[in-house]
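**Student:** Structure for the following, please:
(2 chains)
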2 protein chains.
Amino acid sequence: MKVDDSKNKQNLQELIDTRDFVEHISVDCVIFGFHHDILKVLLLKYHDLDLWYLPGGFVFNDEDLREAACRVLYERTHLSDIFLEQFHTFGRKNRTENNVHQILLKNKKIDVPPDHWIFQRFITVGYCSLIDFSLVDTFPNAFNETCAWFEVNKLPKMAFDHERIINCGLEHIRKNIDTQIVASNLLPEKFTMKELQTVYETVLDEKFRRNNFQRKILALNSLERLEKFFDGSANKAPYLYKFADKK
Amino acid sequence: MKVDDSKNKQNLQELIDTRDFVEHISVDCVIFGFHHDILKVLLLKYHDLDLWYLPGGFVFNDEDLREAACRVLYERTHLSDIFLEQFHTFGRKNRTENNVHQILLKNKKIDVPPDHWIFQRFITVGYCSLIDFSLVDTFPNAFNETCAWFEVNKLPKMAFDHERIINCGLEHIRKNIDTQIVASNLLPEKFTMKELQTVYETVLDEKFRRNNFQRKILALNSLERLEKFFDGSANKAPYLYKFADKK
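**Tutor:** Numbers count the residues shown, from 1 in each chain, chains lettered A, B, ... in the order given. Sure, this is the predicted structure:
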């Protein structure tokens, strides 16, 4: 999806003119999208630059940090009411020391004084989520011309420390995979053990033996076994499950 | 430990005059101290106010976020080279909306303009650590007159959202207890299963049956069994263990 250039310049000018952001703070959302057996991450591309970055934004003075993360996510995906988790804050002193913003603004012929808040040091708070990417539309913002999903192990050239943020988010999702999968609504309400195993294998990028997986998962006591699933084929009908505490 | 009043006023004036902090950002350290079967947290008390708070501070422009947390911890405890982990960032819009700083400064007769950075909104990044509190001295800073250890379930009246930060830090330590205990150097290099169980029980505030605990811990594969420990008593000699991957 593209935004036309004059609209884009106007968006950018409005952002630059905004005076009610909390300086030095940003939020970045690492949105992992799962579908079939592929795990992707949502990225944006800068105008005129071969450089991708995470959907992120600034925090308004009258807005909680978490509200800002939800707003940013909503602006890019029109998703709300999903499980969005803060995972880490990135504060290396030189993490935003580069001229990406200067180049973007210069290309658009927008004059910004060198002491403008947008050129200052930013500390960014990372939020992550795991969603079904086939159900999501994406929407670009003032800075970017393209939104796209990338496989997590085939990332394009990333701005700032965003590759590190993605890897840290991925680590968080993997470490908390049991909670994440229950909360993510990736599966239908009733699912087979095989469907669940595919989600785990895709997120963890690891294959499991069927019996081992089943034993490990049942030991978590988070599943409720339901009726068998008959699809009319000659195969043995598998049981259906649901999450015992699924919200 | 107390600091005399004129020295304190001077420290406070120096802090207020500092111009090279990153505005709107602070760090707070939740330092849990374990000794025998008690879990405590390190708190500071404000001058002239019946209000306690976490050891924290601001981030210098030329300093990584993590470096700031380590520096703050060093300033308060003279500890370095310990396992200090970032666990959450607190950014509710009204979390620092109160007049604690104003009252402190007024009491010390230090004039500060109302638009000074210290009165602005702060987002704070929480770090936590688990240490042996019997091995640590504490050192007050410009704002506080007393450092003290409090049992985690007997907290005094806390400033800002610091009680929430402590509870969130405690949750983090409990959720990651296996890693935390290996990293925390709470135990001697060689220890008995009973000593290890006491640490777990104290941190988790939960009692375990000896056999269940032993089975659960050995399943983690993080322990190496060593020789038996003979103390000359008539009791059956227990095995000693060490952490297999202890750093």
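**Student:** from here on, contacts and neighbour counts on C-alpha atoms
**Tutor:** Noted.
**Student:** thinking residue A:73 is in contact with residue A:55, fair?
**Tutor:** Yes - the criterion here is C-alpha atoms under 8 Å, and residue A:73 meets it with residue A:55 at 7.2 Å.
**Student:** shared neighbours, these two?
**Tutor:** Residues touching both residue A:73 and residue A:55 by C-alpha atoms under 8 Å, 6 or more residues apart in numbering or on different chains: residue A:29.
**Student:** more neighbours, these two?
**Tutor:** In this view residue A:73 and residue A:55 are compared by other C-alpha atoms under 10 Å in any protein chain shown, and residue A:73 has more residues nearby, 28 against 24.
**Student:** Around chain B, pick out the residues from chain A.
**Tutor:** Proximity of chain A to chain B (C-alpha under 8 Å from any C-alpha of the partner chain) is limited to residues A:22-25, A:61-66, A:86-93, A:121, A:125.
**Student:** mind checking the SS state of residue A:149?
**Tutor:** When classified by DSSP: H, G, I helix; E, B strand; the rest coil, residue A:149 comes out as strand.
**Student:** so residue A:72 is in which element?
**Tutor:** Per DSSP states H and E, residue A:72 falls inside helix A:65-77.
**Student:** for residue A:59, same thing?
**Tutor:** Using DSSP H and E, the element containing residue A:59 is strand A:56-60.
**Student:** in its sheet, what does that strand sit against?
**Tutor:** The strands beside strand A:56-60 in its sheet (DSSP bridges) come out as strand A:21-35 (antiparallel).
**Student:** for the record, mean pLDDT for the partner strand?
**Tutor:** Taken as a whole, strand A:21-35 has an average pLDDT of 94.
**Student:** Please pull up the helix or strand immediately following it.
**Tutor:** Note on strand A:21-35: by DSSP H and E, the next helix or strand toward the C-terminus is strand A:38-46.
**Student:** So what touches the next helix or strand after that next one?
**Tutor:** The C-terminal neighbour of strand A:38-46 among helices and strands, as given by DSSP H and E, is strand A:52-53. For strand A:52-53, the surrounding residues in contact (C-alpha under 8 Å, 6+ apart) are A:43, A:44, A:45, A:46, A:156, A:157, A:158, A:159, A:160, A:162.
**Student:** Next: stretch A:28-38.
**Tutor:** Contact partners of stretch A:28-38, identified using C-alpha under 8 Å, 6+ apart, comprise A:39-42, A:54-57, A:69, A:72-73, A:124-134, A:149, A:151, A:165-166, A:169, A:186, A:198-199, A:202.
**Student:** returning to what we had before: show me which of the residues of chain A next to chain B are buried.
**Tutor:** A:22-25, A:63-66, A:86-93, A:121, A:125 (16 or more other C-alpha atoms under 10 Å in any protein chain shown).
**Student:** Low-confidence regions, chain A specifically.
**Tutor:** Within chain A, the stretches with pLDDT under 70 are A:1-5, A:47, A:98, A:139-145, A:234, A:245-247.
**Student:** which stretches of it form helices?
**Tutor:** A:5-17, A:65-77, A:100-107, A:162-175, A:177-184, A:193-204, A:210-219 (DSSP state H).
**Student:** Now render those helices as a markdown table, adding distance to residue B:115.
**Tutor:** A markdown table is the format used below for the helices of chain A (distance: least, C-alpha to C-alpha, whole Å):
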| stretch | distance to residue B:115 |
| --- | --- |
| helix A:5-17 | 21 |
| helix A:65-77 | 22 |
| helix A:100-107 | 28 |
| helix A:162-175 | 34 |
| helix A:177-184 | 43 |
| helix A:193-204 | 48 |
| helix A:210-219 | 56 |
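**Student:** Might you report the residue contacts of residue A:151?
**Tutor:** Residues in contact with residue A:151 (C-alpha under 8 Å, 6+ apart) are A:38, A:39, A:40, A:41.
**Student:** Can you tell me which of the residues you listed is nearest chain B?
**Tutor:** Nearest to chain B out of those is residue A:41 (C-alpha to the nearest C-alpha; 22.7 Å).
**Student:** how near is the closest one to residue A:10?
**Tutor:** Separation of residue A:41 from residue A:10 (C-alpha to C-alpha, to the nearest Å): 28 Å.
**Student:** In terms of neighbours, single out the busier of those two.
**Tutor:** Taking other C-alpha under 10 Å, residue A:41 and residue A:10 do not tie; residue A:41 has more neighbours (25 against 14).
**Student:** for that one, what are its contacts?
**Tutor:** Going by C-alpha under 8 Å, 6+ apart, residue A:41 touches A:30, A:31, A:32, A:33, A:149, A:150, A:151, A:152.
**Student:** Got a quick ChimeraX command for the buried subset of those residues?
**Tutor:** Buried residues within these, by 16+ other C-alpha under 10 Å, are selected in ChimeraX with:
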select /A:30,31,32,33,149,150,152
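**Student:** Next, give me the two most distant ones among the contacts of residue A:41.
**Tutor:** A:30 and A:151 (12.7 Å; C-alpha to C-alpha).
**Student:** Tell me which residue lies nearest the centroid of chain A.
**Tutor:** Most central in chain A under C-alpha atoms, centre = their mean is residue A:31, positioned 1.0 Å from the mean C-alpha point.
**Student:** what's the distance between residue A:12 and residue A:77?
**Tutor:** Using C-alpha to C-alpha, residue A:12 is found at 19 Å from residue A:77.
**Student:** now do residue A:125
**Tutor:** The spacing between residue A:125 and residue A:77, counted by C-alpha to C-alpha, is 19 Å.
**Student:** swap in residue A:35?
**Tutor:** Here the criterion is C-alpha to C-alpha. By it, residue A:35 lies 16 Å from residue A:77.
**Student:** Who has more neighbours out of those two?
**Tutor:** Using other C-alpha under 10 Å as the criterion, residue A:35 and residue A:77 rank with residue A:77 on top: 20 against 16.
**Student:** what about the closest residue to residue A:42 other than its chain neighbours, distance to chain B?
**Tutor:** Nearest non-adjacent residue to residue A:42, counting by C-alpha to C-alpha, 6 or more residues apart in numbering or on different chains: residue A:149, 4.5 Å away. Plainly put, residue A:149 is 28 Å away from chain B if you go by C-alpha to the nearest C-alpha, to the nearest Å.
**Student:** what do you get for residue A:37?
**Tutor:** To chain B, residue A:37 is 29 Å away according to C-alpha to the nearest C-alpha.
**Student:** Could you do residue A:200 as well?
**Tutor:** Counting by C-alpha to the nearest C-alpha, the gap from residue A:200 to chain B is 21 Å.
**Student:** residue contacts, that residue?
**Tutor:** Listed by C-alpha under 8 Å, 6+ apart, the contact set of residue A:200 reads residue A:177.
**Student:** okay, now the domains of chain A?
**Tutor:** Following automatic domain parsing, one finds the domains of chain A at A:5-179, A:187-243.
**Student:** what sits up against the strand holding residue A:59?
**Tutor:** In contact with strand A:56-60 (C-alpha under 8 Å, 6+ apart) are residues A:20-22, A:25-29, A:65, A:68-69, A:72-73.
**Student:** closest to chain B among those residues?
**Tutor:** Set against chain B, the nearest of these by C-alpha to the nearest C-alpha is residue A:65 (4.7 Å).
**Student:** Isn't that closest one up against residue B:93?
**Tutor:** Yes - counting by C-alpha under 8 Å, residue A:65 does reach residue B:93; the two are 7.3 Å apart.
**Student:** out of the helices of chain A, which comes closest to residue B:243?
**Tutor:** When these are compared by C-alpha to C-alpha, helix A:162-175 sits nearest residue B:243, at 21.5 Å.
**Student:** buried sites along the closest one?
**Tutor:** Neighbour counts over helix A:162-175 (16+ other C-alpha under 10 Å) mark A:162, A:163, A:165, A:166, A:168, A:169, A:170, A:172, A:173, A:174 as buried.
**Student:** now, among the residues you listed, which is nearest to chain B?
**Tutor:** Chain B lies nearest to residue A:172 out of these, by C-alpha to the nearest C-alpha, at 11.8 Å.
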